[in-house]
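Student: Mind looking at a prediction? Sequence and model below.
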Amino acid sequence: MTPALPPSLVTPPSAPLGPPPPSAADPALRGAFLGLLRSLAAARALDPEDLEQQVWLRAAAERRASRPAARLRALTVQEFRRALAEAAEQARSRETAARLAARSRPEDASPEQRTLAAERARELRTAVARLPARCPALVAALLESPAPGYRELAERLALPRGSIGPTRARCLACLRRMLPPVRW
């Protein structure tokens, strides 16, 4: 026979905790930010689907919020600003590349400059070929002039449109690690 426990050691059964606090990633809140997201994306010619995906990823990664609808709107604005900064950086990169290309036209370049340019191009092609997984095809497509848009890349490479940006970032980071810094 087992001895009875003193009443101070017996704990009452726990009461149900209730539903978990709301999250900004609650699908019911989609309407709370979709209009704002679409108007922001249209104002700056950004892809609303990519922007929405980034907002949902950030919302899902966060803890529960006391005011999820307000937090979702704040995440929308933050992701919009991030996307604007990324678009501006890409525009600056394209301008720089165009200036460099105009400055170093093969017919105007000296034999040494043409040889160095050919060597850099060979080194780049070799490094691109050594990239992992889907990176060689993606980076080769990005090197085309003009570079194709996300929709065209998704169709050509059979990748979801939402994964083009993150994949591109990983591939370019890997390529940067493989190549020595360029001295102009």
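Tutor: Yep, it's here. Numbering: from 1, shown residues only.

Student: ok, Leu40 - how many residues close by?
Tutor: 20 (other CB atoms under 10 Å). C-beta here means a position set from N, CA and C on the backbone, and glycine is covered the same way.

Student: mind listing what it touches?
Tutor: By CB atoms under 8 Å, 6 or more residues apart in numbering, the contact set of Leu40 is 46, 51, 76-77, 80.

Student: and what of Glu86?
Tutor: With CB under 8 Å, 6+ apart, Glu86 has no contacts at all.

Student: so where does it fall, helix or strand?
Tutor: Secondary structure assigned from DSSP states H and E places Glu86 in helix 68-103.

Student: any weak-confidence spans in the protein?
Tutor: 1-25, 65, 100-109, 182-184 (pLDDT under 70).

Student: could you pull out the helices for it?
Tutor: For the chain, the helices defined by DSSP state H cover 30-43, 48-61, 68-103, 111-129, 135-142, 150-157, 161-178.

Student: How about the first one, which residues are buried there?
Tutor: So the one you mean is helix 30-43. Within helix 30-43, the residues that qualify as buried are 32-33, 37, 40-41, counting by 16 or more other CB atoms under 10 Å.

Student: These into JSON lines, with extra columns for distance to Glu155?
Tutor: As requested, those are exported to JSON lines (distance: CB to CB, whole Å):
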{"residue": "Ala32", "distance to Glu155": "32"}
{"residue": "Phe33", "distance to Glu155": "28"}
{"residue": "Leu37", "distance to Glu155": "24"}
{"residue": "Leu40", "distance to Glu155": "26"}
{"residue": "Ala41", "distance to Glu155": "21"}
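
Student: List just the nearest of those to Ala85.
Tutor: For the buried residues of helix 30-43, the minimum distance to Ala85 (CB to CB) is 13.6 Å, reached by Leu40.

Student: rewinding a little: kindly reformat the contacts of Leu40 as JSON lines containing neighbour count and distance to Pro148.
Tutor: Listed next are the contacts of Leu40 as JSON lines, based on neighbours: other CB atoms under 10 Å; distance: CB to CB, whole Å:
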{"residue": "Leu46", "neighbour count": "18", "distance to Pro148": "17"}
{"residue": "Leu51", "neighbour count": "20", "distance to Pro148": "20"}
{"residue": "Thr76", "neighbour count": "25", "distance to Pro148": "27"}
{"residue": "Val77", "neighbour count": "14", "distance to Pro148": "29"}
{"residue": "Phe80", "neighbour count": "21", "distance to Pro148": "24"}
